[in-house]
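Engineer: quick one: sequence and predicted model below, then my questions.
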Amino acid sequence: MSEREDETVSLRTWIAVLGSVVGCFMAGMNVHVTNASLPDVRGSLGATFEEGSWITTAYLVAEIIIIPMTGWLVSVFTMRRVLMVGTAGFVLFSIACSLAPNIQTMILARALQGAFGGVLIPLSFQLIVAELPSAKHPLGMALFAVANNVAQAAGPSLGGWLTDVYSWRWIFYLQIPPGLLLLAAIGWSVRPQPAQTHRLRQGDWGGIAAIAVGLSALQIMLEEGGREDWFASSFIVCCAAVAAMGLVAFVVVELRRKEPLLDLRLLASYNFGIASFMQFTFGAVVFGVVFLVPNYFAEVHGYNARQIGALMIPYGLVQFVMSFATPRLMRLTSPRTVIVAGFALTAVGCLMNMHLNPDASANVIVPSLIVRGVGQALIVVALGVLAIQGLRKEQLGSASGLFSMVRNVGGAIGIAISSQIVVERTRFHAQRIGESVNPFEPATRERIDALVHTLAHAGGEGLASLHQRALWILDRVVQRNATLLAYSDTFFLAGLLMLACVGGGFMLRRR
């Protein structure tokens, strides 16, 4: 296969691109597929809450390490081998996850699943930009957007449904058919080439070690920080120090090497540099929001996994439709206009949730999800197209790894920060509300008396017990309102970040 500037694309090329998109979808969905099912998995394997959290953490740590290494692996072992081995390993360790007899085996299998699946996301991006002519890049990015965005909605939906109807083990059995299909597609469409194993001796092993240590320490710090009370924990302080030293060492090593693992000098390219910063911010907001919404429904409104999954379906459908509509919008206007519109719509979708109240359930969240879904589809397609304009073909391996990495790192940071904001702002608002809701205030005494009177009609309890129940109910009301205000604050901050990216969109060059 070779890059051509005409619009004729061979069947083999399309099969390779479509196959890689399936792989990207599988890898992306697996980040979120266990979120709704973790209580069932923990219960089945006899794991604690902390142990269960590592089911997701192990996958993310392994994936985030392998993504920046993908371009170099392709240069050594060829695209076909890396895709085939990555897919085969992903399927094999999906089966291992489904058969795991205990939590230790599950965590190990999830880490290896993430390591093999991590190559599928950047290679999908690389195949699209390297093997399709530039005229087909918008359509290719539309397919990439579908794989990334719909996977975020499909993960919790499919995971919750399969767990309720069958068992959590079917979440991992689900990966087998598309994995086998991808193996067949790659085996037929991507032509074999000789490996360049001599490059192993010239490999950027210092850079590989530095980024592996730095990113894994960063991911563990972000995942465990909230549970360990952040920098009050010596473990988190140690992780932060290791992450900082590893990432600084990586930057130094990469800038000094002629053939680095990742060409960080690409960030000096005007469009790619700005687009990468916007991609980082976009990843932080999108991953954070996808994390917040299911938690909001479960914590505030008591929805179960299946109900939450059903509410996420419109979010996935609108992104599916808009991803294929975006290339036409780009032809009618320009990629930069579409990017600006996408960030503006995503900002509006976030700001629609800045005044949540006890009645704000599906009637408020789902419309905002749909607005955000439209904006996200526009961004993923158009930002990828504009970011790579002007890059040489030999730079695309580094570019795809770097562009995917900044999104995932941004997403990990976004999830950690958004969850911490909710915790801290809930505590803040509960304290502020509690200042006015106290037994010495006449309005509070009236509310307690009314609750006691209402509860007394149920009978069977003494006055002291009724009074205690009334105080408990009042405390729950205060906590619920504090939580609503905390989620509102977090969505407001997400909206402001997306508005800042609107300004970044205007800075991008059209060509």
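Structural biologist: Now that the structure is in, tell me what you want to look at. Numbers count the residues shown, from 1 in each chain.
Engineer: and Phe116, what element?
Structural biologist: Using DSSP states H and E, Phe116 sits in helix 103-117.
Engineer: what's that helix packed up against?
Structural biologist: helix 11-32, helix 38-45, helix 49-66, helix 79-98 (3 or more Cβ pairs under 8 Å, 6 or more residues apart in numbering; DSSP states H and E). Where C-beta positions appear, they are placed from N, C-alpha and C, glycine not excepted.
Engineer: looking at those helices, which one is packed in the most?
Structural biologist: helix 11-32 (a mean of 23; mean count of other Cβ atoms under 10 Å).
Engineer: give me the helices and strands touching it, please.
Structural biologist: Applying 3+ Cβ pairs under 8 Å, 6+ apart, one finds that helix 11-32 contacts helix 49-66, helix 79-98, helix 103-117, helix 120-131, helix 137-145, helix 151-165, helix 176-189.
Engineer: could you check the angle helix 11-32 makes with the shortest one?
Structural biologist: In terms of direction (axes from the mean of the first three to the mean of the last three Cα atoms, to 10 degrees), helix 137-145 departs from helix 11-32 by 30 degrees.
Engineer: same for helix 137-145, what does it pack against?
Structural biologist: Helices and strands touching helix 137-145, as assessed by 3+ Cβ pairs under 8 Å, 6+ apart, comprise helix 11-32, helix 120-131, helix 305-332, helix 362-388.
Engineer: for stretch 195-211, how far is the first residue from the last?
Structural biologist: 25 Å (Cα to Cα, to the nearest Å).
Engineer: other residues contacting that stretch?
Structural biologist: For stretch 195-211, contacts defined as Cβ atoms under 8 Å, 6 or more residues apart in numbering pick out 65, 68-69, 72, 75-78, 81, 246-247, 249-250, 253-254, 257, 259-262.
Engineer: what's the mean pLDDT across stretch 231-250?
Structural biologist: For stretch 231-250, the mean pLDDT works out to 92.
Engineer: list of residues touching that stretch?
Structural biologist: With Cβ under 8 Å, 6+ apart as the test, stretch 231-250 has contacts from 206-207, 210-215, 217-218, 220-221, 224-225, 228-230.
Engineer: select only the buried ones of those residues in PyMOL?
Structural biologist: Entered in PyMOL, the line below selects the buried ones among the contacts of stretch 231-250, by 16 or more other Cβ atoms under 10 Å:
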select buried, resi 206+207+210+211+212+213+214+215+217+218+220+221+224+225+228
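Engineer: show me the contacts of stretch 231-250 that map onto helices.
Structural biologist: Among these, the members falling in helices (DSSP state H) are 206-207, 210-215, 217-218, 220-221, 224-225.
Engineer: tell me the buried residues in stretch 395-407?
Structural biologist: For stretch 395-407, by 16+ other Cβ under 10 Å, it's 395-407.
Engineer: from the residues you listed, which single one is nearest Ala377?
Structural biologist: Distances from Ala377 to the buried residues of stretch 395-407, taken as Cβ to Cβ, are shortest for Arg407 (15.0 Å).
Engineer: tell me the secondary structure for the closest one?
Structural biologist: In three-state terms, and counting by DSSP: H, G, I helix; E, B strand; the rest coil, Arg407 is helix.
Engineer: so where does His355 fall, helix or strand?
Structural biologist: When elements are defined using DSSP H and E, His355 is found to belong to no helix and no strand.
Engineer: contacts only, for it.
Structural biologist: By Cβ under 8 Å, 6+ apart, the residues touching His355 are Ser488.
Engineer: how close does Ala142 get to Ala362?
Structural biologist: Look at Ala142 and Ala362: by Cβ to Cβ, to the nearest Å, they are 28 Å apart.
Engineer: ah, wrong one, I meant Leu73
Structural biologist: For Leu73, the distance to Ala362 - Cβ to Cβ - is 44 Å.
Engineer: equivalent analysis for Val22, please.
Structural biologist: Remark: distance between Val22 and Ala362 (Cβ to Cβ) = 31 Å.
Engineer: can you mark which positions in stretch 189-204 are buried?
Structural biologist: For stretch 189-204, burial by neighbour count (16+ other Cβ under 10 Å) applies to Ser189, Val190, Gly203, Asp204.
Engineer: cool, and stretch 426-433?
Structural biologist: For stretch 426-433, a neighbour-count test (16+ other Cβ under 10 Å) marks Thr426, His429, Ala430 as buried.
Engineer: pLDDT added to those residues, as a markdown table?
Structural biologist: A markdown table is the format used below for the buried residues of stretch 426-433 (pLDDT from 0 to 100):
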| residue | pLDDT |
| --- | --- |
| Thr426 | 90 |
| His429 | 91 |
| Ala430 | 87 |
